[in-house]
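Visitor: would you be able to build a 3D model of this:
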Amino acid sequence: MQANFLRPPQAEFPVVRLVGVDGARLAHAETEPDRETMLDLFRWMVFGRIFDQRMISLQRQGRIGTIGTIRGQEASAAGLALAMRRSDWLIGSYRELLAYIAHGVSIETVISLYRGGVPGPFPADVGAMPIQIVIGTQIPHAAGAALGAKLRGSDDVAVGCCGDGATSEGDFHEGLNFASVHKVPAVFFVQNNGWAISVPRARQTASETIAQKAWAYGMPGVVVDGNDAVAVYAVVKEAVERARAGDGPALIEAVTYRVGPHTTSDDPRRYRSDEEVAQHEQDDPIARLRRLLEREGIYEEGMQERLEEEARSEMSAAIERAEAAPDVTPDQMFDLTWAAPTESVQKDRAQTISDLQELGEVGKE
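Guide: Predicted coordinates:
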């Protein structure tokens, strides 16, 4: 029997790509970065590669905890951060560490977090919530932050980030629905890197794209080449400015690839082939942007090498500062939980200090 009412989805979501793998211009956009911003994108992407290498090294030496790798995803992170205003809220996960630093959070703050420290609040003029490792929670958090901005009359935008695996969480769908119903100034940014630990994108959803899920919630969605820093910047810039103008939220799917392991606790050879990784390494986002800069006469001889050396120096200084910070004690977990601690929280804190003193450790007075 032929169906008369049921129809397959017909929506097409072409991938936004402004720069080819060879660095050639494919198209232009009104919101694309200018010359100086393209140089900033390149600088941050090079820094991200060095940052990733050094953080993995620190973890292997036992100097920080488990770290999520970002190699191959530098364009998505840098393009996202630079398209935002400093006061806009960045609400990300362990895969957005580069975005946090490019947005204005200090390198040593990020390192301290992975040392188990309590580095204190982020800079007052930087909109950034603490890095959240619980999968998918960034989406309702961003919807809530955006609603708060709207109620305060602020024109700040909240950007919630997650991976392709998080789109299978209820939080993702609830956050999008809430944001759209209340028409809040939010942008939802999904880094689709092909794998949610060992689960491939094909096992995550049957929809052709993640971006098309936006239509069910009454907001626009777009797929962007996540290895094209120029396109990522342009798409995020348009979505952020649209939200800032009061036109509501949008969903962006940045298609990229995680070259390294999920985290330093992961062995990706158990679920994907070396050939697959080698194929994706041919589309290195840093190399792509460098080719564009060379084609347009912006790149200077030796620039990447100088930037790499500067990044190593920045990382060394930041590591030294982070490791020189005083160790924290368990009772400090209460300090950043409540603005005005409840009676039960104060009781728990006092008991913790007492227990620490009995164990020979000194809690805060």
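Visitor: next up, the contacts around residue 271.
Guide: Applying Cβ atoms under 8 Å, 6 or more residues apart in numbering to residue 271 gives the contacts 195, 198. In short, each C-beta sits where N, CA and C put it, glycine included.
Visitor: can you find the helix or strand of this structure with the lowest average pLDDT?
Guide: Among the helical and strand segments of the chain, the one scoring lowest on mean pLDDT, DSSP states H and E is helix 343-358, with a mean of 89.
Visitor: next, the buried residues of it.
Guide: 348-349, 352-353, 356 (16 or more other Cβ atoms under 10 Å).
Visitor: next one: stretch 182-197
Guide: Of the residues in stretch 182-197, those scored as buried under the neighbour-count criterion (16+ other Cβ under 10 Å) are 182-196.
Visitor: same question, stretch 61-77
Guide: Within stretch 61-77, the residues scored as buried using 16+ other Cβ under 10 Å are 64, 67-77.
Visitor: report the two of these separated the most.
Guide: Within the buried residues of stretch 61-77, two members stand farthest from each other by Cβ to Cβ: 64 and 75, at 24.8 Å.
Visitor: and the longest helix anywhere in the chain, how far out from the chain middle?
Guide: Across the chain, the helix with the greatest residue count (assigned by DSSP state H) is helix 35-60. Relative to its chain's centre, helix 35-60 lies at 14 Å (Cα atoms, centre = their mean, to the nearest Å).
Visitor: and that helix, what other elements does it pack with?
Guide: When contacts are defined as 3 or more Cβ pairs under 8 Å, 6 or more residues apart in numbering; DSSP states H and E, helix 35-60 packs onto helix 74-82, helix 97-103, helix 107-113, helix 229-244, helix 285-295, helix 303-324.
Visitor: now it: average pLDDT?
Guide: Helix 35-60 shows a mean pLDDT of 98 in the predicted model.
Visitor: what's the angle from that helix to helix 285-295?
Guide: Here helix 35-60 runs at an angle of 150 degrees relative to helix 285-295 (axes from the mean of the first three to the mean of the last three Cα atoms, to 10 degrees).
Visitor: what comes up buried for helix 35-60?
Guide: By neighbour count on 16+ other Cβ under 10 Å, the buried set for helix 35-60 is 37-56, 58-59.
Visitor: same question for stretch 269-279.
Guide: For stretch 269-279, by 16+ other Cβ under 10 Å, it's residue 277.
Visitor: stretch 199-212 too?
Guide: Burial within stretch 199-212, assessed by neighbour count using 16+ other Cβ under 10 Å, is assigned to 201, 204, 209-212.
Visitor: once you drop chain neighbours, what's closest to residue 18?
Guide: Beyond its immediate neighbours in the sequence, the residue positioned closest to residue 18 (Cβ to Cβ, 6 or more residues apart in numbering) is residue 231, lying 4.3 Å away.
Visitor: what's that neighbour in contact with, if anything?
Guide: 16-19, 29, 79, 224-225.
Visitor: for residue 211, give its distance to residue 90.
Guide: With distances taken as Cβ to Cβ, to the nearest Å, residue 211 is found 20 Å from residue 90.
Visitor: ditto for residue 53
Guide: Distance check for residue 53 against residue 90: by Cβ to Cβ, it reads 23 Å.
Visitor: show me the strands in the stretch 51-200 of the chain, by range?
Guide: Listed in chain order, the strands of the stretch 51-200 of the chain (DSSP state E, counting those that start in this stretch) span residues 89-91, 158-163, 186-192, 195-196, 199-200.
Visitor: each with direction, which strands does the longest one pair with?
Guide: Based on DSSP bridges, the strands next to strand 186-192 in the sheet, each with its direction, are strand 158-163 (parallel), strand 250-255 (parallel).
Visitor: burial of residue 28, as a residue count?
Guide: Residue 28: 9 surrounding residues under other Cβ atoms under 10 Å.
Visitor: which of the buried residues of stretch 182-197 lies closest to residue 110?
Guide: residue 191 (17.4 Å).
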